[in-house]
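K.L.:
structure for the following, please:
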Amino acid sequence: MSSKNKTHINKPWTKTHINKFNWLFNWFVKTHDEEANKNNFIDENKNKLIKLILNEKWKDTSKESLLFMVSRYLFNKNNNDKFIKLYSQEGYNLKIKKDNEEGKNELDEKETQNYRTIEYLNNCLELHEPQANDNIKEHYKHLLLMMLIKQPPLRTSFYTTAKLLRLSTDNNKNDNYIYITRKGKMKIYYIVNKDKATNYKLYNINKNLSKIIIDNNELEKFIYNSFVLYPRLYLFEINKKPISENTILKYLREITNTPQINIDMLRSAYITNFYNNNMTFNERETLSHKMRHSQATASKNYLKVSNIDKITPDEKIKELSKQNIILNKLISECHIKIKALEKTPENEKEYNKKRNDILYLLNKGRTSKPETITKYNILHDNKTNKYY
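P.N.:
The predicted structure follows:
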């Protein structure tokens, strides 16, 4: 994009801007003009794009980022364009609206349905005690939840990228690490070389903040034993490759039995619990450094005021809470079985063929989904160790 004003200096046009630009173009072509030209669709439609964006059923944060992107695009084309301020002002209005909502520290609709207290999450952890016959995925679920509630939780990207580091000299200052040192008493650290906060002024200047000690002995031992039990390079990996953010979320949702919970909600739960028990500025400042943001961000974006009842230390309430988790899990399993049974075969011949194929594979050592086994009424003989 070139400027018509010789003294005009373009503002940075980053990968984020490019992604937003491409996304807006694809949406515009699909919904409004199949013949639109990517090189000038904003210029040709700037008088109506602003209303189209504002009237779409997108989140305000998405609208805000698109409006600011269009404003920058127009500025870099011609800084005298009157539409620059129009788009910028609408984006700013949405930002102020968002800031005001966040300032209330209230749960939004999604959070109200999926927000879980630290007490609830601890109960989930106790109900998921590691077993000797656990597979690595079950092990990962327990490890993940421990790391999110026994230690100030970081952003999702750390857990999907962190590698094991044995020697501090192998730190390449670019990757994220789990650093285990056995000099004297064992200590384990998170080393965060790359995340959202890397370029924040505080974390860019003070590199010591990239090294975060794990101060929970139970978690420290579990992480160490995890790498002994399942030797690997990455903190979470399958087939020698780091797992995706979607897989991390899948593990979290399964162990907490909460369909739409995410790591931001865990960060919020941790901060809310911590602030309820630690009132001083210094304590909260230390926590913000461990979570790699500012205390203002923690107070505004993560601290939540809700009508969710606090769980008292009473053992009876704690036991009932655990039972509730178990019952909800059983309900989910029943829904899966019912759904499987509803999918009746079109004819008996096809049903029998599929059932025989599944039996053959199972007896050859393969596995199958529980709902498939239920659907085809397959049983297991413990004496012969055969399916029938």
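
K.L.:
so what touches the one helix or strand Glu64 maps to?
P.N.:
Per DSSP states H and E, Glu64 falls inside helix 60-77. Contacts to helix 60-77, defined as C-beta atoms under 8 Å, 6 or more residues apart in numbering, come from residues 1-4, 10-11, 13, 17, 20-21, 23-24, 42-43, 46, 49-50, 53-54, 56, 81, 83-85, 87-88, 90-91, 94-95, 97-98. All C-beta atoms are positioned from the backbone trio N, CA, C, and that covers glycine.

K.L.:
so which bits of stretch 27-46 are buried?
P.N.:
With burial defined by 16 or more other C-beta atoms under 10 Å, the residues of stretch 27-46 counted as buried are 28, 36, 41-42, 45-46.

K.L.:
now the element after the helix holding Glu64, going C-ward?
P.N.:
The C-terminal neighbour of helix 60-77 among helices and strands, as given by DSSP H and E, is helix 83-103.

K.L.:
from the contacts of helix 60-77, list the buried ones, please.
P.N.:
Buried members of the contacts of helix 60-77, scored by 16+ other C-beta under 10 Å, are 17, 20-21, 24, 42, 46, 49-50, 53, 81, 83-84, 87-88, 90-91, 94-95.

K.L.:
now Met69: how far from Ile53?
P.N.:
Distance of Met69 to Ile53, given as C-beta to C-beta, to the nearest Å: 10 Å.

K.L.:
pull up the overlap in contacts between the two.
P.N.:
Listed contacts common to Met69 and Ile53 are Leu24; contacts here mean C-beta under 8 Å, 6+ apart.

K.L.:
break the protein into its domains for me.
P.N.:
15-103, 109-311, 317-387 (automatic domain parsing).

K.L.:
how about these in CSV, adding mean pLDDT?
P.N.:
Conversion of the domains of the chain to CSV gives the following (pLDDT from 0 to 100):
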stretch, mean pLDDT
domain 15-103, 91
domain 109-311, 90
domain 317-387, 73
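
K.L.:
still on that earlier bit, now, which of the buried residues of stretch 27-46 lie within helices?
P.N.:
Using DSSP state H, 28, 41-42, 45-46 are the members of those that sit in helices.

K.L.:
tell me if Tyr179 really is in a strand.
P.N.:
Yes: per DSSP: H, G, I helix; E, B strand; the rest coil, Tyr179 lies within a strand segment.

K.L.:
look up which residues are beta-bridged to it.
P.N.:
Tyr179 forms beta bridges with Leu165, Tyr189, as assigned by DSSP bridges.

K.L.:
which residues in the stretch 201-350 of the chain form helices?
P.N.:
201-205, 217-229, 245-256, 263-277, 281-291, 295-297, 315-342, 348-363 (DSSP state H, counting those that start in this stretch).
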